[in-house]
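Visitor: Have a look at this prediction, sequence included:
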Amino acid sequence: MMTIYLMGLLLLAAVLFFVVIARPNKARFWWRILASTAVIIGMGLLVIPIKSINHSTGRSALLILTEGYQKDTVQAYNKDNAQTVSVAELRQVQLDQAAAIHLFGYGLPDTGLLDFDKSKIGFHPSSLPTGIATIHWNQALVLGQALFIQGIVNNLEKKPLQIVLCSGYQVLEQISIPASAKVPFQFIQTPKNLGTGQYQLLLLNGKDTLSKNPVPFIVDATSPVSVLMLHDAPGFEQKFLKNWLTDHGYSLAARTRISKQLFDQAFSNRASTNLNNLNANLLSQFQILLTDEASLNSLSAQEQYQIRNAIQEKGLGLLVTTDTVLKHGSILGNRFSLKANLDSTSAGRLLKMNGLDTAWHPQLFKNSHLILEPDQQEQLLVMDANNRGLAAVQLEGLGKIGFSVLEQTHLWSLAGKQIDYGKYWSQLLESVLKTTISKQTFKVGTGMDFVGTTTDIQSFQANTENGLAILSGTTIHLLQDKELPFKQMGQFWPNKAGWQILVSPTGQIQSTYIFGQEDWKLQQWTKRIKQTEQWLQNPSRKQSLISADKLMAEKQLMAPIWAWLLLILGLALLWVESKLE
């Protein structure tokens, strides 16, 4: 159809210009040319839709301020008396009337309350201040399991900061964060008490507290980590380790050879049993077997077979230490290739645990010590300053095998470095522990839920007749999932911070922690920025998000009045010119 219109216009133009040019009387020639051109353009504008760009400025712009907005950024867009409004005062009519919308700060706390036309929105997120940029910890523990608190501090200050882990008024650990640096950190603690607990993580700038955030956790009383220790001779290393395991709530059984057929047996946090014969029934009572390589190699072939089978078939974790043996016995085989390290320079006398923290160890001051050969199947746990492996773990069937060349770790404790000692053994024991599937039938929230925000509840149980739960005295009705018959879902909006108790219809009790609105502000802001950006990138009403650095532009059809005016003006000029003749 458009082609026909164009051909018609071209034919009309050809006729009009031919008449003007062929006319013998050349008086007012340019009048007729201009009039004919106006007629053609007017006709063209009537039949061909022409769009113009109308830049929306002035009062048509709406500037929405959310938490953390920067005044300088807002001022750059506050032109021609643009309307400025906070997100708390925002109304739907303002969004409908605005031709351009600019959003400043850390983003919208809830994108579902108002109906936005996303094609008109430009988002200007603010930069995050100094603080703990990311954080993670394993909130649910069993007795004896280590609590790993890991994160990254973004220090924008020009002087060092201190990040401190506290329990009440007691300082457990602290780490210095260099100036103008983004540094990872890690704390490792093993809570000794059952039930719910809470640490505090502080970020200090001298005497000023930049942030103070809770680190809640819950220690399950069902089953502490069970450890079987086997050693061929008594020693200080075994004595210190047994005391540490006992103090940290591990279920411990220890067998130490006194003579060829005589063993000393010790038990902590568990009932006694006969440890003389290592059979399948005995090994099934333990999650971790802890020994040194010489003791492992001295076991009978039948006992080694039972251990290997328990690792591969039952998920037993084996943790072996040595500082003298270069060639392994039958259980380790070709795993964990070793070589002697003759480098005695001071550069190698520090070690790194999990790539995050450094610690001194007296063994590294010896002129020669063993190191692990690189292997793609190994996960390195402890390295020296030159990234040479000192402890690693490998998968073996359903279980794991860990190996360390560090002996005499009790010297850490004698040197007053109990934190390093605890970090080392917590990490090694955790690395070989079999991952277990939670038996909880309820899942509450994400692990970091805040007061006043939507928190999800999911129930996983075969009996779906009673679709409700009671959380801190509030009854929450659960809806049946359409596809999964054993799954129900619900939501609640917590109005107070702290531990919340959930009770299922079957009497199951579960604790979950709700953070206050002032807790973990950087995590809230980061999440809000990401949610706002993702929401804008998934259009619902109109176009997708356009550049935030340009004023919005709306495409509008040119008003037909201009086409009619040109057409009428051209025809009038032709009529007047003919009368003058």
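Guide: Yep, it's here.

Visitor: what about residue 252, which helix or strand?
Guide: Element membership for residue 252, per DSSP states H and E: strand 251-259.

Visitor: Pull the residues that contact that strand.
Guide: Here strand 251-259 makes contact (Cβ atoms under 8 Å, 6 or more residues apart in numbering) with 144, 223-234, 238, 242, 245-246, 263-270, 272-273, 275-276, 286, 295, 298. No exception for glycine: its C-beta is placed from N, CA and C like everyone else's.

Visitor: now do stretch 152-166
Guide: Taking Cβ under 8 Å, 6+ apart as the rule, stretch 152-166 contacts 128-134, 149, 171-185, 187, 189, 199-206, 210, 215.

Visitor: among those, which ones are buried?
Guide: 128, 130-133, 149, 173, 175, 177, 183, 185, 187, 189, 199, 201-204, 210, 215 (16 or more other Cβ atoms under 10 Å).

Visitor: Contact partners for residue 390?
Guide: By Cβ under 8 Å, 6+ apart, the neighbours of residue 390 are 351, 371, 372, 382, 383, 384, 404, 405, 406.

Visitor: Please, which helix or strand holds it?
Guide: Here residue 390 is assigned to strand 389-396, by DSSP H and E.

Visitor: mind listing the helices for the chain?
Guide: Ranges of helices in the chain, per DSSP state H, are 2-22, 29-47, 71-77, 92-97, 236-247, 280-283, 293-297, 301-309, 410-414, 418-432, 521-536, 560-580.

Visitor: Include distance to residue 452 and mean neighbour count when you put those helices into JSON lines, please.
Guide: As requested, the helices of the chain are exported to JSON lines (distance: least, Cβ to Cβ, whole Å; neighbours: other Cβ atoms under 10 Å):
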{"stretch": "helix 2-22", "distance to residue 452": "56", "mean neighbour count": "12"}
{"stretch": "helix 29-47", "distance to residue 452": "56", "mean neighbour count": "17"}
{"stretch": "helix 71-77", "distance to residue 452": "26", "mean neighbour count": "13"}
{"stretch": "helix 92-97", "distance to residue 452": "22", "mean neighbour count": "12"}
{"stretch": "helix 236-247", "distance to residue 452": "41", "mean neighbour count": "18"}
{"stretch": "helix 280-283", "distance to residue 452": "51", "mean neighbour count": "14"}
{"stretch": "helix 293-297", "distance to residue 452": "56", "mean neighbour count": "20"}
{"stretch": "helix 301-309", "distance to residue 452": "53", "mean neighbour count": "16"}
{"stretch": "helix 410-414", "distance to residue 452": "46", "mean neighbour count": "18"}
{"stretch": "helix 418-432", "distance to residue 452": "35", "mean neighbour count": "22"}
{"stretch": "helix 521-536", "distance to residue 452": "11", "mean neighbour count": "18"}
{"stretch": "helix 560-580", "distance to residue 452": "52", "mean neighbour count": "14"}
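
Visitor: Dump the ones you listed to a markdown table, plus distance to residue 398 and mean pLDDT.
Guide: Shown next, in a markdown table, are the helices of the chain (distance: least, Cβ to Cβ, whole Å; pLDDT from 0 to 100):
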| stretch | distance to residue 398 | mean pLDDT |
| --- | --- | --- |
| helix 2-22 | 71 | 74 |
| helix 29-47 | 77 | 76 |
| helix 71-77 | 55 | 88 |
| helix 92-97 | 57 | 82 |
| helix 236-247 | 24 | 90 |
| helix 280-283 | 13 | 93 |
| helix 293-297 | 20 | 85 |
| helix 301-309 | 11 | 91 |
| helix 410-414 | 32 | 84 |
| helix 418-432 | 12 | 85 |
| helix 521-536 | 35 | 89 |
| helix 560-580 | 78 | 74 |
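
Visitor: With distance to residue 161 as new columns, can these be given to me in TSV?
Guide: Listed next are the helices of the chain as TSV, based on distance: least, Cβ to Cβ, whole Å:
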stretch	distance to residue 161
helix 2-22	67
helix 29-47	66
helix 71-77	26
helix 92-97	41
helix 236-247	31
helix 280-283	48
helix 293-297	43
helix 301-309	48
helix 410-414	27
helix 418-432	20
helix 521-536	14
helix 560-580	65
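
Visitor: quick one: pLDDT of residue 310?
Guide: Here the pLDDT value assigned to residue 310 is 93.

Visitor: isn't it right up against residue 284?
Guide: Yes: counting by Cβ atoms under 8 Å, residue 310 does reach residue 284; the two are 7.1 Å apart.
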